[in-house]
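S.K.: Fold the following for me, if possible:
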Amino acid sequence: MEQAISTVGPAAVGWALEKSRVLAERIGGKNDLARPGSLFEDRLFQAVSLWALLRMGGVRSLPNALKDDMGHTIRSSVEAGMNADPLLRCVRVIHAELIQELFGFCSAALPVAERPAAMQRLSGELFDGMEQLALFVGDDFAARRSRWLAGFARGRVTLVNAILDGRPVDLGNTAQRLGYDLTLHHIALIVACDEHMPDRAGELKSTALRLLEAAGCSSTLLLPVGSGRLWAWGGRSTARPTALRRIEELPETPAHIRVASGLPGDGIAGFRQSHLQAVASERLETVGENRPVGVRDYGALELLLLLGNDMGAAADFVVRELGPLAAADKPTAALRETVLCYLEQERSVAATAELLYVAKNTVLYRVKKAEQLLGQSLRELGEDRLRLHSALYLARKLGPTVLAHTDRDTPPTPATRRWTA
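M.R.: Residues are numbered from 1 along each chain as shown. Sure, this is the predicted structure:
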């Protein structure tokens, strides 16, 4: 204000302040530009009007005081979730109003011969000045929005981590900060893309939204937790969401995107538990070459996760229970698959042959060969059937990670403790 008075005089400043009040009442009341009394306050109109006077008075750089006033409005716009367009539009409208007002002064106060030159000078100065102001607004808006979003995201991640850690939270305050109600029925997802892929935040979000919609969720919480990684929750108020494995037509996911899902759960405990289950499902990708791909649903993998939680113990169990049938070669793998299917079909040769697309004699041959390696008839397993079935299941799901390799120092031998008569 002092700089403006010293540059153009108190009368001109008085006119600018009065003009800014009139513009604030008229422009600020238009819904497509601003909400009166909230974002675009009188100080914005004062700042733009005074800058126009300073520019005509020969000032070429935006004063710090003016930047501070503009910064206040920009910050309010950012925190309200707006983009820069309404603010820039308001600046342009103020510019047009000032041009019209000043042209009117020229027409009333100057001789006809001097008007074109004066108007041309006014138009050029104001145009250049408003372009300078618009550039400042755009750059400052982008910088403030980036900082605000980063801080907002960090705050949400901190809050969610507190929930996942089991720390007490205020449900009302949490719902306001997250935009998500923790009292709903939830299902959690972890959506990620390969590290070598570029950041695909939009694709991760759209994938999560499609899956959550298919699960019947009406509310969603999407939380980026790094480049190429997203935590997501979906909620319903009336019933639990549908587990992904039970959706008949599950939306396809891009080949480079991986999804892990937890079981549906209730309230804040379900919010936490479903996420932890998704984490457990996601970690399964680190074991074995036969790891699941695409969508990994905890419910479909629960038995594997429970049995294979300790990989060292799981490998020891498989080799110990299967003996030579744990060899990591294709012929033995065919024997294991046949035996597993044979047991699952209640020892029906016909059903096993139909499922494996082989002849009945092939099934009989493989079963006999497996029995020789195991040292036991598959019809006389008794209580050991569960152990054998579990070992075969782990071998199928975890593959070479738990199998015996020919380069090991001690080759597998039948477990005579159990398999010999």
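S.K.: any idea how far the lengthiest helix in the chain is from the chain center?
M.R.: If you go by DSSP state H, the chain has its longest helix at helix 115-164. Computed by C-alpha atoms, centre = their mean, to the nearest Å, the chain-centroid distance of helix 115-164 equals 26 Å.
S.K.: Just name whatever secondary elements that helix is in contact with.
M.R.: helix 42-56, helix 64-79, helix 85-109, helix 171-178, strand 219-224, helix 267-283 (3 or more C-beta pairs under 8 Å, 6 or more residues apart in numbering; DSSP states H and E). Backbone N, C-alpha and C define where each C-beta goes, glycine included.
S.K.: could you point out where the stretch 51-200 of the chain is predicted with low confidence?
M.R.: Counting by pLDDT under 70, the ranges of the stretch 51-200 of the chain that qualify are 195-199.
S.K.: The longest helix of the chain vs helix 42-56, what angle?
M.R.: 140 degrees (axes from the mean of the first three to the mean of the last three C-alpha atoms, to 10 degrees).
S.K.: Pick the most buried one from the helices and strands packed on helix 115-164.
M.R.: helix 42-56 (a mean of 23; mean count of other C-beta atoms under 10 Å).
S.K.: tell me the angle that helix makes with helix 85-109.
M.R.: 50 degrees.
S.K.: Check which helices and strands helix 42-56 sits against.
M.R.: The contact analysis (3+ C-beta pairs under 8 Å, 6+ apart) places helix 42-56 against helix 2-8, helix 10-27, helix 64-79, helix 85-109, helix 115-164.
S.K.: These into CSV, with extra columns for distance to residue 330?
M.R.: CSV is the format used below for those (distance: least, C-beta to C-beta, whole Å):
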stretch, distance to residue 330
helix 2-8, 85
helix 10-27, 78
helix 64-79, 61
helix 85-109, 63
helix 115-164, 43
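S.K.: beta partners of residue 257?
M.R.: residue 193 (DSSP bridges).
S.K.: Quick one: distance of stretch 248-261 to the chain centre.
M.R.: Distance, centroid of stretch 248-261 to centroid of chain: 14 Å (C-alpha atoms, centre = their mean).
S.K.: Other residues contacting that stretch?
M.R.: Applying C-beta atoms under 8 Å, 6 or more residues apart in numbering, the external contacts of stretch 248-261 come out as 187-194, 197, 200, 203-204, 207-208, 210-211, 214, 243-244, 274, 277-279, 281-282, 285, 293-298.
S.K.: one step back: as CSV, the helices and strands packed on helix 115-164 with distance to residue 396 would be great.
M.R.: Shown next, in CSV, are these (distance: least, C-beta to C-beta, whole Å):
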stretch, distance to residue 396
helix 42-56, 68
helix 64-79, 54
helix 85-109, 57
helix 171-178, 41
strand 219-224, 35
helix 267-283, 18
